[in-house]
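Quick one, what's the 3D model for this:
(one chain, ligands or ions: 1)
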Amino acid sequence: MLTSSVRWGGGSDERPYLPRAISVLAAGDGQLSFVLEVVGPGTERLVELGAGDRLRLLGPLGKGFTAPDGDRRAVICGGGIGIAPLAMLQHQLLAQEVELVALLGFRDGAHAAGAKLLAGAQIATDDGSVGHRGLVTELLLAELDRDARAVIYSCGPPQMLEAVRAISVASGVPAQLALEAPMACGYGACFGCVVKINDGSFRRTCLDGPVVSADQLATDWLLGEGQR
Ligand code: FES
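Below you'll find the model as predicted:
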């Protein structure tokens, strides 16, 4: 959870912004790296920060990805800004000598420049300017067709995650999905981040996730996402 120490919100009589939940891209040598995309005033403020500016950070929080069991390989499937935690995952899996492929989807060629955060990724773009023209989930289907001995690791826009969830359930290939949700506290107190699971109850994305198994999600989990 990231917050600028100063100018976090409007004037003195206005509400402050909530902290922003951001996945770590890389950690080491006393440094943490994040990828930010400006989508509103909070992220705009964060990207304004320069060297020496102060930042509040709460974390690490929640549950992350787990390495594949047995002889399954990892099939990484990500889109947009959601590729940041997948870059860290790839780094860790390669260090464990796990066999893997990476599939990344972007809106266009400009956004596809982010693919360099992962090694050797196959790319899909909506406009076909880089790589496969179409959806990254089309690359995923082809990859599973080639070899279904896999665990899918996914992070990206909710519609992409829903497509991956459906592919996982239909194919029986397990998938770990890193969900995004609006968060206020980040540690389980506010219930602002709940997602519906398949027994009809709700789980907090910040505490029980953000990584959840695809087969645990309710088929209408995305409806709840859209209603927030
Ligand atoms: Fe507060 Fe999850 S962000 S409970």
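
quick one: the helices in this structure?
41-48, 83-95, 109-112, 136-146, 158-171, 205-208, 221-227 (DSSP state H).

could those be laid out in CSV, adding mean neighbour count and mean pLDDT?
Glycine gets a C-beta too; all of them are placed from N, C-alpha and C. What follows is the helices of the chain, written out as CSV (neighbours: other Cβ atoms under 10 Å; pLDDT from 0 to 100):
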stretch, mean neighbour count, mean pLDDT
helix 41-48, 15, 91
helix 83-95, 21, 95
helix 109-112, 16, 88
helix 136-146, 18, 97
helix 158-171, 19, 96
helix 205-208, 22, 93
helix 221-227, 14, 63
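
Quick one: residues in contact with stretch 84-91.
22-27, 34-35, 64-65, 74, 76, 78, 100, 102, 104, 117-119, 153-155, 178 (Cβ atoms under 8 Å, 6 or more residues apart in numbering).

Leu140 contacts Val75, correct?
Yes - contact status for Leu140 versus Val75: in contact at 6.8 Å, counting by Cβ atoms under 8 Å.

if I look at those two, which residues touch both of them?
Residues touching both Leu140 and Val75 (Cβ under 8 Å, 6+ apart) are Leu103, Ile152.

Least confident secondary structure element in this structure?
helix 221-227 (a mean of 63; mean pLDDT, DSSP states H and E).

still on that earlier bit, adding distance to the ligand, write the helices of the chain out as JSON lines.
Shown next, in JSON lines, are those (distance: least, Cβ to the nearest ligand atom, whole Å):
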{"stretch": "helix 41-48", "distance to the ligand": "14"}
{"stretch": "helix 83-95", "distance to the ligand": "17"}
{"stretch": "helix 109-112", "distance to the ligand": "27"}
{"stretch": "helix 136-146", "distance to the ligand": "28"}
{"stretch": "helix 158-171", "distance to the ligand": "17"}
{"stretch": "helix 205-208", "distance to the ligand": "3"}
{"stretch": "helix 221-227", "distance to the ligand": "14"}
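
In TSV, list those helices along with distance to Glu14.
Converted to TSV, these look like this (distance: least, Cβ to Cβ, whole Å):
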stretch	distance to Glu14
helix 41-48	11
helix 83-95	30
helix 109-112	32
helix 136-146	39
helix 158-171	29
helix 205-208	25
helix 221-227	26
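
The protein against the ligand: which residues are in contact?
Met183, Ala184, Cys185, Gly186, Gly188, Ala189, Cys190, Phe191, Gly192, Cys193, Arg204, Cys206 (Cβ under 6 Å from any ligand atom).

residue boundaries of the strands in this protein?
2-4, 24-28, 31-34, 55-57, 73-79, 100-106, 122-125, 132-133, 150-155, 175-178, 194-196, 202-204, 211-213 (DSSP state E).

For the first one, give the mean pLDDT please.
In this model, strand 2-4 carries a mean pLDDT of 93.
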